[in-house]
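In: sequence-free structure coming up:
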């Protein structure tokens, strides 16, 4: 995998680049739709590729390991073929489940023991078998196994967790070196910077990860309940340390304003379930602001949902569908929200290349945070 850094904004740390993967070249900054179980909720692969124009999507190792399982994925020739996806793919290693399944897991030096949320069966994830599973899934970018500490947490816990993540990374790197990709394309491993909201730990972790000289580096353990300003300060701190010639991926972020602010701090890649999750609840991101489509005011509003991105469906019709729990409503809202997120990062990229990102940022932030 190769990353070309094309431009950096003069007034901020915003970057525009090209990420070369086995399944296409990705213009950065980029937002990656989340397809946890091999499906971006309420959106077909055809719409993702042709309408939303997403060049890369995500899968999740933990969920795909449970269903459909490694055997099925291997027989299918990997997740790309299983779901008929022509673009690039990234898989989260399951480390976030170490965080989110706190009541049904046990962490040891060996790995993380889970209880399946489906049938209660016991599962053991180790750095080695997580790499093996991601080999079977076949994603272009795979994540090292890590522990994402909760917020808030005592510094000693976060420090111990960070060192465990570092040791797990070293085992992931060994397993990568000792195994081969299965489907004729190379896979890039990204380590994950941890350290909570403690600046000295974040510095230590960022330096450790940067020294491994991997194809890219992720920042984890943010957007887990900490104040937004802490997210921003930790992102800035880590980006100042990470190598400029490698892509930077901020995991699980987030709101449109978070994405804009973190692009300004040097982030290249984002993902979040918010576009599709909010769509199902009637919160629509548009190029004019955020709409709660379930409000009564939209009942007889026959103007387009978004004149730029979804001109063919009206506010009133979209409201009617969602109030009726019609599947088409979930589809329209999800396609609109993902189209908006891809539009937003594309606009950011254009203004980075044009040299006026800082001015555009001040213009766009009041618009994308407006509620109406």
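Out: Received, thanks. All figures in this text were calculated on a predicted structure; none of them were measured in a lab. Numbering: from 1, shown residues only.
In: use CA for all of it now, contacts and neighbours both
Out: Noted.
In: now do the same end-to-end measure for stretch 349-359.
Out: 13 Å (CA to CA, to the nearest Å).
In: outside of it, which residues touch it?
Out: By CA atoms under 8 Å, 6 or more residues apart in numbering, the residues outside stretch 349-359 that reach it are 6-12, 14-16, 28-29, 264, 348, 360.
In: which parts of that stretch are buried?
Out: Neighbour-count burial for stretch 349-359, with 16 or more other CA atoms under 10 Å as criterion, is recorded at 349, 351, 352, 353, 355, 357, 358.
In: what about the residues you listed, which are in helices?
Out: Mapping the buried residues of stretch 349-359 onto helices (DSSP state H) picks out 349, 351, 352, 353, 357, 358.
In: buried residues, stretch 196-214. List them.
Out: Buried, per 16+ other CA under 10 Å, within stretch 196-214: 196, 197, 201, 202, 203, 204, 205, 206, 207, 208, 209, 210.
In: what residues are up against residue 339?
Out: With the criterion set at CA under 8 Å, 6+ apart, residue 339 makes contact with 51, 52, 53, 309.
In: again, only using 10 Å
Out: By CA atoms under 10 Å, 6 or more residues apart in numbering, the residues touching residue 339 are 47-48, 51-54, 275, 285-287, 309-310, 333.
In: just to revisit the earlier point, can you put the buried residues of stretch 196-214 in JSON lines and add pLDDT, distance to residue 304 and secondary structure?
Out: Formatted as JSON lines, these follow (pLDDT from 0 to 100; distance: CA to CA, whole Å; DSSP: H, G, I helix; E, B strand; the rest coil):
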{"residue": "196", "pLDDT": "97", "distance to residue 304": "43", "secondary structure": "coil"}
{"residue": "197", "pLDDT": "98", "distance to residue 304": "42", "secondary structure": "coil"}
{"residue": "201", "pLDDT": "98", "distance to residue 304": "48", "secondary structure": "helix"}
{"residue": "202", "pLDDT": "98", "distance to residue 304": "45", "secondary structure": "helix"}
{"residue": "203", "pLDDT": "98", "distance to residue 304": "47", "secondary structure": "helix"}
{"residue": "204", "pLDDT": "98", "distance to residue 304": "50", "secondary structure": "helix"}
{"residue": "205", "pLDDT": "98", "distance to residue 304": "47", "secondary structure": "helix"}
{"residue": "206", "pLDDT": "98", "distance to residue 304": "45", "secondary structure": "helix"}
{"residue": "207", "pLDDT": "98", "distance to residue 304": "49", "secondary structure": "helix"}
{"residue": "208", "pLDDT": "98", "distance to residue 304": "50", "secondary structure": "helix"}
{"residue": "209", "pLDDT": "98", "distance to residue 304": "47", "secondary structure": "helix"}
{"residue": "210", "pLDDT": "98", "distance to residue 304": "47", "secondary structure": "helix"}
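In: residues in contact with residue 300?
Out: 314, 315, 316, 317, 319, 320.
In: residue 322 now?
Out: 279, 280, 281, 282, 293, 294, 328, 329, 330, 331, 332, 333.
In: can you select the buried ones among those for me in ChimeraX?
Out: In ChimeraX syntax, the buried subset of those is picked out as below (16+ other CA under 10 Å):
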select :279,280,281,282,293,294,329,330,331,332,333
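In: out of the contacts of residue 322, flag the one nearest to residue 123.
Out: Using CA to CA, residue 280 is the member of these that lies nearest residue 123, at 31.1 Å.
In: what does the model give that closest one for pLDDT?
Out: Note on residue 280: pLDDT of 97.
In: and what of the one 3 residues further on?
Out: The predicted structure scores residue 283 at 98 on the pLDDT scale.
In: ok, it to residue 51 distance?
Out: On the measure of CA to CA, residue 283 and residue 51 end up 20 Å apart.
In: equivalent analysis for residue 22, please.
Out: Remark: distance between residue 22 and residue 51 (CA to CA) = 22 Å.
In: which one of the two has more residues nearby?
Out: Set residue 22 next to residue 51 and count neighbours by other CA atoms under 10 Å: residue 22 wins out with 18 against 14.
In: which SS class is the closest residue to the more buried one other than its chain neighbours?
Out: Excluding the flanking residues, the one nearest residue 22 by CA to CA, 6 or more residues apart in numbering is residue 185, at 6.1 Å. Classification of residue 185 using DSSP: H, G, I helix; E, B strand; the rest coil returns coil.
In: so residue 185 sits against residue 77, correct?
Out: No - with contact defined as CA atoms under 10 Å, residue 185 does not reach residue 77; the gap is 11.9 Å.
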